[in-house]
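> Structure of the sequence below:
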Amino acid sequence: MIYEALALIAVSALWGITNPLIKKNSSDITKIQSDSHIKQFLLEIKYLLTNIKYIMPMTCNQIGSVIYFITLQHVDLTLSVPIANSLTFFFTALTGFFLKETLPSKKTIIGMVFILIGTLFCCYDKYLLKEERVE
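Okay, here's the model as predicted:
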């Protein structure tokens, strides 16, 4: 259970930290203009594939997806989805704060605390109470 919990936290961290970085490092794509839709598409693909500031966080994000896929074999889906998604939001908000994208409001901070508490309750209910019911 510890391995699975750490894996889900790692997935959430990889997704949450890389989301703002991907957004920030791909923002110049809107400056690419072309007369043809096909040429526009090809220029955008070229921009993304040659932009190391985009490729690095995107690669880390995809590594998180691979870890998540592997972890799904060992974790109940009703637990893995809420944990991964809620903690991803937590890490995204934290990273946005450190990148000075937006400073979290008091309501956002309270929401982040509730997310952590809710995630802990999910884990407690699923694993600890399950062990008590079995005995």
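> what about Gln33, neighbour count?
8 (other Cβ atoms under 10 Å). Where C-beta positions appear, they are placed from N, C-alpha and C, glycine not excepted.
> and what of the one 5 residues further on?
Other residues within reach of Ile38, judged by other Cβ under 10 Å, total 8.
> then the strand or helix carrying it to PDB, C-alphas only?
Per DSSP states H and E, Ile38 falls inside helix 37-50. Listed next in PDB are the C-alpha coordinates belonging to helix 37-50 (Å, rounded to 0.1, in the frame of the first residue of the first chain):
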ATOM      1  CA  HIS A  37      -4.000  25.500 -42.300                       C
ATOM      2  CA  ILE A  38      -1.700  22.600 -43.100                       C
ATOM      3  CA  LYS A  39       1.400  24.800 -43.000                       C
ATOM      4  CA  GLN A  40       0.200  26.400 -39.800                       C
ATOM      5  CA  PHE A  41      -0.200  22.900 -38.300                       C
ATOM      6  CA  LEU A  42       3.300  21.800 -39.400                       C
ATOM      7  CA  LEU A  43       4.900  25.000 -38.100                       C
ATOM      8  CA  GLU A  44       3.300  24.500 -34.700                       C
ATOM      9  CA  ILE A  45       4.400  20.900 -34.600                       C
ATOM     10  CA  LYS A  46       8.000  22.000 -35.500                       C
ATOM     11  CA  TYR A  47       7.800  24.700 -32.800                       C
ATOM     12  CA  LEU A  48       6.800  22.200 -30.100                       C
ATOM     13  CA  LEU A  49       9.300  19.500 -31.200                       C
ATOM     14  CA  THR A  50      12.200  22.000 -31.200                       C
END
